[in-house]
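Trainee: What follows is a predicted structure for the sequence shown.
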Amino acid sequence: MESRTKGIGRQSLVIASATFMLIAAAIGAGAFGGTSVDDLQDGALSAQGSYLAPAGPAFSIWSLIYLGLIAYTVWQALPAQRQDPRQQAVGGWIAASMVLNGLWLVTAQFLTLWLTVVVIALLLAVLARVIVVLGRFPARTLADRILTDGANGLHFGWVTIATVANTAAWLTQIAPESWAQAADAWAIAVLAVVLVIGAVAAWVTGRIAPALATAWGLAWLAVGRLTGEPLSAPTAIAAIIVAVLLVITGIVAVSRRSRAVGAAAQSTSR
């Protein structure tokens, strides 16, 4: 009875967190009289906010992420998932990520730019924890793999590049003008860090969703630096290279994991 009650509590927490996230997303999109994200913080969070800001179309990935998280929320609320060990281990962390997702939008709407950096950094850390936990509890069904690993993998991959863009926007606001002379070098160095984070995530989890989401953001970052302000061909080229390397790493990691699972299955059947 106690286990069943805890399961219902976890499922309810995820539902409540998803509801908060969606309401905050509506506010962040400019509904209910709010200001759209592009116009918040004096435009610092727009596609022209920094060298590391993706072009506008990149943000359409949020629709896919939200749809995935909604589908996950409905699926995890089914009785079959109530006492599932995997959901018991990861459900609270996913709920926390949804709350922080919504909190970022509220912070951007009503508070200061540096606080948005704090919130999105916490969101990235929580999503990294989600990815680690999912790696410890392999999915047993296709639905679990798509809805839990897929939706949260996309969330993690996109927030990786969003954290970079958010932090760069804040630094652009406060940095001395002399820093602008080394902007390309700083941008390339940060993109190298993104490559390391994305490659490690792909290799450890054997999932391609995080790499695809980050590569999507990087591709549009390249478009932004080639076609809009601030222009930066070196940053664009670096972003393209990192995006390609991440996708390749993701494909290799998935292939490696599939071979390992197949070998384990053959060993068990003997």
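Mentor: Yep, it's here.

Trainee: all helices of the stretch 151-270 of the chain, in order?
Mentor: With DSSP state H, counting those that start in this stretch as the criterion, the stretch 151-270 of the chain has helices at 151-174, 183-205, 209-227, 233-269.

Trainee: Where does pLDDT dip in this structure?
Mentor: 1-4, 29-44, 46-49, 175-180, 260-270 (pLDDT under 70).

Trainee: go again using 90 as the cut-off
Mentor: 1-7, 24-57, 59, 105-114, 135-141, 165-187, 197-198, 200-208, 228-232, 253-270 (pLDDT under 90).

Trainee: Distance from stretch 160-167 to the middle of the chain?
Mentor: 10 Å (C-alpha atoms, centre = their mean, to the nearest Å).

Trainee: Can I get it in PDB? Just the C-alpha atoms.
Mentor: What follows is stretch 160-167, C-alpha atoms only, in PDB (Å, rounded to 0.1, in the frame of the first residue of the first chain):
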ATOM      1  CA  THR A 160      22.900  22.400 -23.300                       C
ATOM      2  CA  ILE A 161      23.100  24.900 -26.200                       C
ATOM      3  CA  ALA A 162      20.500  27.200 -24.600                       C
ATOM      4  CA  THR A 163      22.600  27.500 -21.500                       C
ATOM      5  CA  VAL A 164      25.500  28.500 -23.600                       C
ATOM      6  CA  ALA A 165      23.400  31.100 -25.400                       C
ATOM      7  CA  ASN A 166      21.900  32.400 -22.200                       C
ATOM      8  CA  THR A 167      25.200  32.800 -20.400                       C
END
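
Trainee: Tabulate the CA atom coordinates of stretch 201-215 in CSV.
Mentor: Taking C-alpha atoms only, stretch 201-215 is exported to CSV below (Å, rounded to 0.1, in the frame of the first residue of the first chain):
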residue,chain,number,x,y,z
ALA,A,201,26.4,12.3,-22.9
ALA,A,202,26.0,10.3,-26.2
TRP,A,203,28.8,7.8,-25.3
VAL,A,204,27.6,7.2,-21.7
THR,A,205,23.9,6.8,-22.6
GLY,A,206,24.1,5.3,-26.0
ARG,A,207,21.3,7.7,-27.1
ILE,A,208,21.3,10.0,-30.1
ALA,A,209,18.5,12.4,-29.0
PRO,A,210,20.7,14.7,-26.9
ALA,A,211,23.3,15.0,-29.7
LEU,A,212,20.6,15.7,-32.3
ALA,A,213,19.0,18.4,-30.3
THR,A,214,22.4,20.1,-29.6
ALA,A,215,23.4,19.7,-33.3
